[in-house]
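K.L.:
Make a model of this:
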Amino acid sequence: MLPIELNEFYMTKQKHNISGEELVELTKAALEDVKAQDILVIDVKDKHSLTDYMVIATGTSNRQINAMLDKVRENVRSRGAQPLGE
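P.N.:
Presented below is the predicted three-dimensional model:
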């Protein structure tokens, strides 16, 4: 399983404002493109102060999991956000 905390991961260095819902849709689309399985979106707005959503997906190999991460980064960057630490 691959958890991604969206707002914590993508909340700085934004060229354009991107809503949490838009980040979720971009993330889901990226994961579906690389055949991720069991994609689950959890709304944690009321439980966590650093993020609004957590996305969990299953990959079948380390190679696929790396492709999942790369595709999510690529999709989100194309909308003007940059992951923290990059």
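
K.L.:
Read off the pLDDT value for Y10.
P.N.:
We have a pLDDT of 48 for Y10.

K.L.:
I figured D38 hits A57, correct?
P.N.:
Yes: here D38 reaches A57: they are 6.3 Å apart, a contact under C-beta atoms under 8 Å. C-betas here are computed from N, CA, C, even on glycine.

K.L.:
Buried residues in stretch 24-39, which are they?
P.N.:
Across stretch 24-39, burial judged by 16 or more other C-beta atoms under 10 Å covers V24, L26, T27, K28, A30, L31, V34, A36.

K.L.:
got it, and stretch 58-75?
P.N.:
For stretch 58-75, the buried set under the neighbour-count rule, 16+ other C-beta under 10 Å, comprises G59, Q64, I65, A67, M68, L69, K71, V72, R73, N75.

K.L.:
quick one: contacts for the last one?
P.N.:
What it means is N75. Applying C-beta atoms under 8 Å, 6 or more residues apart in numbering, we find N75 in contact with L26, T27, A29, A30.

K.L.:
likewise the fourth one?
P.N.:
Residues in contact with A67, defined by C-beta under 8 Å, 6+ apart, are V34, G59.

K.L.:
What strand or helix carries it?
P.N.:
Following DSSP states H and E, one finds A67 within helix 62-77.

K.L.:
Quick one: low-confidence residue ranges for the chain.
P.N.:
Applying pLDDT under 70 to the chain flags the ranges 1-17, 83-86.

K.L.:
can you confirm V55 is in a helix?
P.N.:
No: assessed with DSSP: H, G, I helix; E, B strand; the rest coil, V55 is strand; it does not lie in a helix.
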